[in-house]
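Have a look at this prediction, sequence included:
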Amino acid sequence: MTSRLNDERFELARGAARQAGALLRGKLGTHIGVRSKDVRSNLVTEADTQSEALIRSLIARRFPDDVVLGEETGTSGRDATHRWIVDPLDGTTNYAHGYRCFSVSIAIESDGEVQSGVVYDPMADEEYIALRGGGARCNGTELHVSDQDDLCDALLATGFPAHRVDDPIGNLKAFADFMNAAQALRRDGSAALDLCYVAAGRFDGFWEPSLHAWDIAAGALIVTEAGGKTSDYGGGPARLDAGEIVASNGKIHDAMLAVLKGDR
Ligand code: IPD
Ligand code: CA
Ligand code: CA
C-alpha cells in the first residue's frame, strides 16, 4: 500500500467517525427503536445500524474491495490486505438511556496489523487518533499516559459484558479485588473511550474480559502510541480476538496483572 493511500484511508476514517458521531448526536433522545439482540441486556438501536451503514457507504465509495468488519453487519469485502474494524456506536446501553458517554471507533488494519485508529466522542467533540509509530492525539494535542506508579493511588476503569448470563460471576471478583487494591474504579460503558482515557492520563489503567475486536482495535493502538501498555490477562500480547485486555500507563501494569491473577 502506498503511503498516499494509507493517508487517504486514515483521513476517510476520521471523516466517517465525525459524520457517524453527528448522526448519533442528532438522534440522541429521539425514537431510536431500542431492541434486544441475543440476550435481553444486549441492546441494539436504529442509531447503531444507521451509523454502521453510513460508515460502510463512505468506505465502499472509495475503497470498495477492502474488508470491513462491523459489529452490526459482520464482514464484507474481498481484499483482506486492508481491514476496517468498526464499532459504529460503542456504548449502546448508555445511548439508549440518554447517558452521554458513547463513541464511534474505527481502526484500519493492513496485513494483519492495526496501523491507525480513530475514536470520536460526539458529545465532548473529542477526536482521539493514532498512527502506528506516529503518536496519539486528541483534537490536535499529543496524548501521554499518566505517570502514576503506585496502584494504590490509581484510578482504574472496567466494564461488564452484556452476556453476563454465560458467566454470572464474570468480572465481579476482579472488580472487588481492584476495589481494595486501587484508589477508585469507574465503569463508564464505552470500552473504546475507556482506552482513550488511559491514553490521555485520565485513567491510569483499564481491564475488561469478553470484548470484541471492534471495541478495542482503535483504542488499544491509541494507548500504546500514547506511551502506555496493553496485554492479555497473562501479560502476553493483546490480541484483537483474545476478548480480554489490560491497558495501563505501563508503570502499574504488572501490579494490575498480579491482581487479575489473584496474587494481590
Ligand atoms: C460495549 C461497551 C461497554 C463494554 C461492553 C461492550 P457496545 O459495547 O464497550 O463498555 O463493557 O462489554 O459490549 O455493545 O455498546 O458497542
Ligand atoms: Ca462496543
Ligand atoms: Ca457497538
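Thanks, I have it. Numbering: from 1, shown residues only. Ligands and ions are numbered 1, 2, ... in the order given.

can you give me the strands for the stretch 151-264 of the chain?
If you assign secondary structure with DSSP state E, counting those that start in this stretch, the strands in the stretch 151-264 of the chain sit at 155-158, 184-186, 205-208, 229-231, 245-248.

Could you point out which of those sits nearest ligand 1?
Across the strands of the stretch 151-264 of the chain, ligand 1 has its closest neighbour in strand 205-208 (5.9 Å, CB to the nearest ligand atom). Yep, even glycine has a C-beta here, placed from its N, CA and C like the rest.

near ligand 2 at all, the closest one?
No. If you take CB under 5 Å from the ion as the test, strand 205-208 misses ligand 2, and the best it gets is 10.5 Å.

who touches that strand?
The set of residues external to strand 205-208 that reach it, using CB atoms under 8 Å, 6 or more residues apart in numbering, is 151, 154, 156-160, 171, 174, 178, 182, 191, 194-195, 197-198, 233, 244-249, 252-253, 256, 260.

can you do 7 Å?
Around strand 205-208, the neighbours that count as contacts under CB atoms under 7 Å, 6 or more residues apart in numbering are 154, 156-159, 174, 191, 194-195, 198, 244-249, 252, 256, 260.

Have a look at the chain and report the helix or strand with the lowest mean pLDDT.
Comparing every helix and strand of the chain by mean pLDDT, DSSP states H and E singles out strand 43-44 as the least confident one, with a mean of 78.

what's in contact with that one?
Against strand 43-44 from outside (CB under 7 Å, 6+ apart): 34-37, 72, 92-93, 96.

could you point out which element follows that strand?
Once the chain leaves strand 43-44, the next helix or strand it forms, by DSSP states H and E, is helix 46-62.

And stretch 190-210, end to end?
According to CA to CA, to the nearest Å, stretch 190-210 extends 13 Å from its N-terminal end residue to its C-terminal end residue.

Repeat that for stretch 177-191.
The separation between the terminal residues of stretch 177-191, taken as CA to CA, is 20 Å.

hmm, back to that, ok, the least confident helix or strand of the chain: who's next to it in the sheet?
Take DSSP bridges as the rule and strand 43-44 pairs in its sheet with strand 35-36 (antiparallel).
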